[in-house]
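A.B. asks: Pasting the sequence and the predicted model now:
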Amino acid sequence: MFLTRITKLQNQIPSQETYPFSIPAIKNMNEIELTKRITFLVGENGSGKSTLLEAIADKCDFHTAGGGRNNLYEVHEAQSALGGYIRLSWMPKVTNGFFLRAESFYQFASHIDDIDTTGYRDYGGKSLHHQSHGESFISLFLNRFKGKAIYLLDEPEAALSPARQLAFLRILHDLTKNEDCQFIIATHSPILLGYPDATILNFDDGCIAETKYEETDHYQITRYFLENRQRYLEELFKEDSPDD
């Protein structure tokens, strides 16, 4: 473990009614204890999980549009509004790591094309733009991710097929068990959430609370759909009865 606690600096926040402090889960957040090598953040879009992950990246001095401490490039609206209002507690502190943001990965790949002088050593030997979206993510995980580091991933499943998500689970296992890495991952994937002995923090219901895998909407909705596909689709597509 490296990052052990995230504390919101309540007394320094100018207004609880402005974004992102008005997001219910962020508004009601005080302190989060991290006790596992892998922590998943789950919740509906807009629940605040990506906002918090971006703020952590900002405090780590990672590029908030994606990258590490040494990746400097311009992206519109890449600053974190929450980053200045949280405190990170470390034991010990590490400076190595990476922030993966799926939605701005294209800009990061273009940045690497501009600066790379190693023959893309950390990216599988070729430009990330010359790999499929999923291949580029896996190349990043396999080649750039090293030991004694913290990795912040925002919806990594966006580019990964189910088979590649399973491959990514093995990469997570190897990096946490053998390479001394810590991960905080915002995800909607029931496959990734199935990683054993990870902490899952749910951002729904106006607070941030630990939950079990089987209690997540991701698991329950996916399981119900797979076991009752015909009934689910009939209910989903059922037309309302016309008024009498």
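C.D. replies: All right, it came through fine.
A.B. asks: Which parts of the chain are strands?
C.D. replies: Per DSSP state E, the chain has strands spanning 3-8, 31-33, 38-42, 86-90, 97-101, 149-154, 181-186, 199-202, 209-211. These are given in chain order.
A.B. asks: Quick one: distance of the last one to the chain centre.
C.D. replies: On the basis of C-alpha atoms, centre = their mean, to the nearest Å, strand 209-211 sits 16 Å off its chain's mean C-alpha point.
A.B. asks: what's it packed up against?
C.D. replies: For strand 209-211, the helices and strands in contact under the criterion 3 or more C-beta pairs under 8 Å, 6 or more residues apart in numbering; DSSP states H and E are strand 199-202. (Glycine included, C-beta is placed from N, CA and C.)
A.B. asks: who does the strand it packs on pair up with?
C.D. replies: Each strand paired with strand 199-202, and its direction, by DSSP bridges: strand 38-42 (parallel), strand 209-211 (antiparallel).
A.B. asks: most packed of these?
C.D. replies: Per-residue neighbour counts averaged over each of those give the maximum for strand 38-42, namely a mean of 24 (mean count of other C-beta atoms under 10 Å).
A.B. asks: can you give me the angle the biggest helix by length in the chain makes with strand 149-154?
C.D. replies: As far as residue count goes, and with DSSP state H defining each element, the longest helix of the chain is helix 162-177. Angle between the axes of helix 162-177 and strand 149-154 is 150 degrees (criterion: axes from the mean of the first three to the mean of the last three C-alpha atoms, to 10 degrees).
A.B. asks: Counting neighbours, which bits of helix 162-177 end up buried?
C.D. replies: Using 16 or more other C-beta atoms under 10 Å as the test for burial, helix 162-177 gives Arg164, Gln165, Ala167, Phe168, Leu172, Leu175, Thr176.
A.B. asks: the inter-axis angle of it versus strand 181-186?
C.D. replies: Using the same axes, to 10 degrees: helix 162-177 against strand 181-186 is 140 degrees.
A.B. asks: Using PDB, write out the CA atom coordinates for helix 162-177.
C.D. replies: Output for helix 162-177, consisting of C-alpha atoms alone and laid out as PDB, is shown next (Å, rounded to 0.1, in the frame of the first residue of the first chain):
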ATOM      1  CA  PRO A 162     -14.600  -9.200 -22.500                       C
ATOM      2  CA  ALA A 163     -11.600 -11.500 -23.300                       C
ATOM      3  CA  ARG A 164      -9.200  -8.600 -22.900                       C
ATOM      4  CA  GLN A 165     -10.800  -7.600 -19.700                       C
ATOM      5  CA  LEU A 166     -10.000 -11.100 -18.400                       C
ATOM      6  CA  ALA A 167      -6.400 -10.600 -19.600                       C
ATOM      7  CA  PHE A 168      -6.300  -7.300 -17.800                       C
ATOM      8  CA  LEU A 169      -7.300  -9.100 -14.600                       C
ATOM      9  CA  ARG A 170      -4.200 -11.200 -14.900                       C
ATOM     10  CA  ILE A 171      -2.100  -8.100 -15.400                       C
ATOM     11  CA  LEU A 172      -3.600  -6.600 -12.300                       C
ATOM     12  CA  HIS A 173      -2.800  -9.700 -10.400                       C
ATOM     13  CA  ASP A 174       0.900  -9.700 -11.600                       C
ATOM     14  CA  LEU A 175       1.400  -6.000 -10.900                       C
ATOM     15  CA  THR A 176      -0.100  -6.100  -7.400                       C
ATOM     16  CA  LYS A 177       1.400  -9.400  -6.200                       C
END
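A.B. asks: Contacts made by it with the rest, please.
C.D. replies: Residues outside helix 162-177 that contact it (C-beta atoms under 8 Å, 6 or more residues apart in numbering): 37-38, 134, 137-138, 141-142, 145, 147, 151, 156-157, 160, 181-183, 189, 191-192, 194-195.
A.B. asks: do the same with stretch 212-229
C.D. replies: Residues outside stretch 212-229 that contact it (C-beta under 8 Å, 6+ apart) are Val42, His188, Ser189, Pro190, Leu193, Gly194, Ile200, Asn202, Asp204, Tyr232.
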